[in-house]
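[1] coordinates only, sequence not included:
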């Protein structure tokens, strides 16, 4: 179901040589969570992509072609995401799909887009199945895997916090099960088991019962493989019950929104981030991103509420990567040439941020930084 539609610039003319490409424009598609449990994150990602496209369009686009984005809202529902993918394929009027959110939604979309040989770029998901290039040769990952995030979180909890008793609450879908597998592997490497685990369905809002199930295990750490809303509910319940264990959170959680929403103490907690700190003006990528987002917001009043944050920065990286790949293609762009150029081993530099693919890989980043929140250090970056 089409709920929201965003366009940057006007429609193109005739003479297209590849789907979505005309003489004066290239149109990309997006199926993302623009409302519902991760709507805030989805809108931020879209804003970042649109900011990058707007910035480039002010310079005349890429080889004289303006960049446009058509977005559809799947509301974090896999069936709607699959319908979006089939609609994009049947209409055949976008060049590639960029910047969607969600592992369960991507699981349904990826096979449909693979059969159509349509590039699927910059998905906001660290799920392992998307990193199988043989299975999905059309997928281009620009963020770190959940496996690497989880490994770094477990290592920090074990080595820096002295944790030995680990539990997990996970969303019972492709996202949660991917994190659960990574968690198991990370602990196995340390000779430790998962002492307690509980799953929930985000449809049923039953995360509270998962907190109760783990209470008797006397845990040092609970990994929360959840969305932001369910992380808020789980932490509030755990602290209300008197649980003092540390919580581990993945990059999919919006920490600023979570902290504003909590009624109880957040700390102790360790959070993984997969992009630079948007507050750091010393980083060239961040400076450029802030400038581009500000100009986009001035040009698009409907985007005025979309502030700079980790998700909008991630969207901006997706937009800049797409632009950089198109610039590498001197001839008329085709989907086949785009994928070959995107996944080439030659690194893509985005200011001082680098996307780099090893031979045979479709994963362009393994960057993780950890932020530790404790009563003594409420916002301490512990490792990058």
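    Received, thanks. None of the values given here were measured: they were computed from a predicted structure.

[2] can we go C-alpha only for contacts and neighbour counts from here?
    Fine.

[3] Just grab the bridge partners of the residue nearest in space to the middle of the chain for me.
    Closest residue to the average C-alpha location of the chain: residue 124 at 2.2 Å, with Cα atoms, centre = their mean. For residue 124, the beta-bridge partners under DSSP bridges are residue 101.

[4] And it, how far from residue 357?
    17 Å (Cα to Cα, to the nearest Å).

[5] ok, now residue 162?
    In terms of Cα to Cα, residue 162 sits 35 Å off from residue 357.

[6] Between the two, point out the one with more neighbours.
    When residue 162 and residue 357 are compared for neighbours, residue 357 comes out ahead with 21 against 11, by other Cα atoms under 10 Å.

[7] helix/strand/coil for that one?
    coil (DSSP: H, G, I helix; E, B strand; the rest coil).

[8] Use 37 as the first number for this chain going forward.
    All right, first residue 37 from here; so that's residue 393.

[9] close enough to count as contact, it and residue 400?
    Yes. In terms of Cα atoms under 8 Å, residue 393 counts as a neighbour of residue 400; the distance is 4.8 Å.

[10] Mind checking what helix or strand follows the stretch of helix or strand residue 331 belongs to in sequence?
    Assessed by DSSP states H and E, residue 331 sits inside helix 320-335. Next helix or strand after helix 320-335 toward the C-terminus (DSSP H and E): helix 346-363.

[11] Show me what counts as buried in that next one.
    Neighbour-count burial for helix 346-363, counted by 16 or more other Cα atoms under 10 Å, picks out 346-362.

[12] Same question for stretch 271-286.
    For stretch 271-286, a neighbour-count test (16+ other Cα under 10 Å) marks 271-275, 279-286 as buried.

[13] Do you have the strands of the stretch 87-236 of the chain handy? List them.
    Under the criterion DSSP state E, counting those that start in this stretch, the stretch 87-236 of the chain contains strands at 102-109, 133-134, 156-157, 175-176, 202-207, 230-236.

[14] which helices and strands does the fourth one pack with?
    For strand 175-176, the elements it packs on are strand 156-157, judged by 3 or more Cα pairs under 8 Å, 6 or more residues apart in numbering; DSSP states H and E.

[15] Now do the strand it packs on: distance to the chain's middle.
    12 Å (Cα atoms, centre = their mean, to the nearest Å).

[16] Same check on stretch 220-230?
    Its chain's C-alpha centre and that of stretch 220-230 lie 26 Å apart, by Cα atoms, centre = their mean.

[17] Residue 286: what's it in contact with?
    By Cα atoms under 8 Å, 6 or more residues apart in numbering, the contact set of residue 286 is 182, 185, 186, 260, 261, 307, 308, 309.

[18] My read is that the third one contacts residue 215, right?
    Yep, that's residue 186 we're talking about. Yes. Under the criterion of Cα under 8 Å, residue 186 makes contact with residue 215 at 7.2 Å.

[19] How many residues are close by residue 136?
    Neighbour tally, residue 136, other Cα under 10 Å: 31.

[20] so what's it closest to, chain neighbours aside?
    residue 68 (4.4 Å; Cα to Cα, 6 or more residues apart in numbering).

[21] Dig out what that neighbour forms beta bridges with.
    Under the criterion used (DSSP bridges), residue 68 bridges to residue 109.

[22] That one against residue 78, yeah?
    Yes. Look at residue 68 against residue 78 with Cα under 8 Å: they come within range, at 6.1 Å.

[23] and the two? which has more neighbours close in?
    residue 68 (32 against 28).

[24] tell me the contacts of that one?
    78, 107, 108, 109, 110, 111, 112, 117, 135, 136, 137, 138.

[25] so where is this structure shaky, pLDDT-wise?
    37-52, 239-241, 340-343, 412-420 (pLDDT under 70).

[26] Just give me the neighbour total for the residue nearest to residue 261 when sequence neighbours are not counted.
    Spatial nearest neighbour of residue 261, excluding adjacent residues (Cα to Cα, 6+ apart): residue 206 at 4.5 Å. If you count neighbours by other Cα under 10 Å, residue 206 ends up with 25.

[27] Against residue 384, how distant is the nearest residue to residue 153 once chain neighbours are set aside?
    Once flanking residues are discounted, residue 153 sits nearest to residue 174: 6.4 Å by Cα to Cα, 6+ apart. Going from residue 174 to residue 384 by Cα to Cα gives 18 Å.

[28] Same question for residue 79.
    Per Cα to Cα, residue 79 is found 25 Å from residue 384.
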